[in-house]
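K.L.:
return atomic coordinates for the entry below.
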Amino acid sequence: MSQVQMVFWDVQHGHATYIRTPNDRHIVIDLGTGDYSGRDEAFSPLTHLRTRYNVSRLDYVVITHPHRDHIDDILNFDMMSPKVLHRPKSIPNSKLMENVRQQDYAKFAKYCEINDRYVWPIEEGSLNDTNVPHHWGGVDIRFFQPPDKEATNINDHSIVTVIDFEGYKAVIPGDNEKASLEQLMQNPNFIEAVKDADVLLAPHHGRDSGYLAAFVRLVNPRISIVSDGRFCETSANQCYSAMSRGTTVHTGTYSEERKCLTTNSDGEIYVNFGRDQYNNRFLHIKKAEEARAQTSY
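P.N.:
Numbers count the residues shown, from 1 in each chain. Prediction:
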């Protein structure tokens with residue numbers, strides 16, 4: 001069997017995704033914390049990966065943008081000794097530290113320290129170069145960032161990650177809002193990368209500010225996933241559901257057709273795709289039966 005394994009953690013109003021490649025390399029996108037389904041506000045995905053998934057080191061960390069709900073687990077960052085950190089370099093530490101709340105100071109200061117430390121470029125063709133799919137078990141990993149480096153809205157600096165393997169594709173766009181999504185859609189390479197995907201993580205936690213119909217129509221997902229807290233008046237969940245094709249979602253021995261899943265109501269979401277032991281292509285999506293029910297692959 002050769003597969004990509006993904007976990008979209010329930011981290012309340014935040015985001016954290018874990019990706020395991022077919023050759024057992026480990027990628028994390030964003031560092032949200034907390035858990036509604038387990039009623040555990042202190043839940044740390046990084047600690048969980050180390051203690052329950054036996055992941056001792058991360059190969060690649062992507063912080064889509066440095067907002068609190070995307071860096072909340074950063075005090076555990078060094079515990080995982082990441083080889084590579086990818087983040088928007090267009091946001092200077094001085095700008096980030098402006099008006100930081102006292103209760104958040106330690107986490108933002110830690111982000112700035114790490115931002116200053118991870119400065120060495122990735123050697124072209126090296127094992128950590130995501131432009132070489134062979135080094136990632138055949139997974140094609142592509143990153144995009146809006147071209148406006150002077151945007152005042154930090155959300156609009158968000159890195160978009162596209163994971164592509166054996167004809168299946170997942171798009172994780174951070175908190176990009178309508179303006180930056182429109183900018184990205186001027187890039188032919190971006191259009192080619194995201195179109196006709198299978199899984200879309202809804203931009204900006206499924207809020208209306210990140211909903212751009214033209215973008216969702218381009219992605220044309222089988223299923224949309226919303227990583228967010230309690231339902232709010234600005235939710236665009238129904239729009240994502242209406243524009244997703246639908247696919248089978250499993251829960252233990254039960255399965256149903258779904259177009260949109262939310263970490264708020266569905267808990268952790270597990271997405272596996274690739275080829276099975278008979279070399280047949282497959283996409284398998286499962287939501288947790290109970291709080292963090294699946295602890296290993």
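K.L.:
contacting residues around the helix or strand of the chain with the lowest mean pLDDT?
P.N.:
In the chain, no helix or strand scores lower on mean pLDDT, DSSP states H and E than helix 263-266, which sits at a mean of 91. With C-beta atoms under 8 Å, 6 or more residues apart in numbering as the test, helix 263-266 has contacts from 8-12, 36, 225-231, 269, 287-288. In short, each C-beta sits where N, CA and C put it, glycine included.
K.L.:
in it, what's buried?
P.N.:
Residues 263, 264, 266 are the ones in helix 263-266 that count as buried (16 or more other C-beta atoms under 10 Å).
K.L.:
low pLDDT regions in the stretch 1-150 of the chain?
P.N.:
37-38 (pLDDT under 70).
K.L.:
that one: helices as residue ranges?
P.N.:
In the stretch 1-150 of the chain, helices defined by DSSP state H, counting those that start in this stretch lie at 45-52, 68-71, 93-96, 105-117, listed in chain order.
K.L.:
out of those helices, the one nearest residue 277 is which?
P.N.:
For these, proximity to residue 277 was assessed by C-beta to C-beta; helix 45-52 is nearest, at 25.3 Å.
K.L.:
residues in contact with that closest one?
P.N.:
Applying C-beta under 8 Å, 6+ apart, the contact partners of helix 45-52 are 9, 11, 16, 18, 26, 28, 31-33, 55-56, 58, 73, 76-77, 79-80, 292, 295-296.
K.L.:
which of these are buried?
P.N.:
With burial judged by 16+ other C-beta under 10 Å, the buried subset of the contacts of helix 45-52 is 9, 11, 16, 18, 26, 28, 31-33, 55, 58, 73, 76-77, 79-80, 292.
K.L.:
so which of these sit within strands?
P.N.:
Counted as lying in strands by DSSP state E, out of these, are 18, 26, 28.
K.L.:
could you measure from residue 118 over to residue 254?
P.N.:
Residue 118 is 44 Å from residue 254, where distance means C-beta to C-beta, to the nearest Å.
K.L.:
out of the two, which sits in the more crowded spot?
P.N.:
residue 118 (14 against 8; other C-beta atoms under 10 Å).
K.L.:
give me the neighbour count for residue 185.
P.N.:
Neighbours of residue 185 (other C-beta under 10 Å): 15.
K.L.:
quick one: contacts for it?
P.N.:
Neighbouring residues of residue 185 by C-beta under 8 Å, 6+ apart: 191, 214, 215, 218.
K.L.:
among the contacts of helix 263-266, which ones are buried?
P.N.:
Listed as buried from the contacts of helix 263-266 are 8-12, 36, 225-229, 269, 287-288; burial here means 16+ other C-beta under 10 Å.
K.L.:
residue 26 bridge partners, please.
P.N.:
Residue 26 has the following beta-bridge partners by DSSP bridges: residue 20.
K.L.:
am I right that it is in contact with residue 54?
P.N.:
No. The criterion here is C-beta atoms under 8 Å, and residue 26 misses it with residue 54 at 10.4 Å.
K.L.:
overlap in contacts, those two.
P.N.:
Common neighbours of residue 26 and residue 54, counting by C-beta under 8 Å, 6+ apart, are absent.
K.L.:
separation between the residue nearest to residue 106 when sequence neighbours are not counted and residue 15?
P.N.:
Distance criterion C-beta to C-beta, 6 or more residues apart in numbering; nearest residue to residue 106, sequence neighbours excluded, is residue 75 at 7.0 Å. Separation of residue 75 from residue 15 (C-beta to C-beta) stands at 17 Å.
K.L.:
neighbour count winner among the two?
P.N.:
residue 15 (25 against 16).
K.L.:
roughly how far does the more buried one sit from residue 178?
P.N.:
Residue 15 is 19 Å from residue 178, where distance means C-beta to C-beta.
K.L.:
ok, now residue 165?
P.N.:
Taking C-beta to C-beta as the measure, residue 165 falls 29 Å from residue 178.
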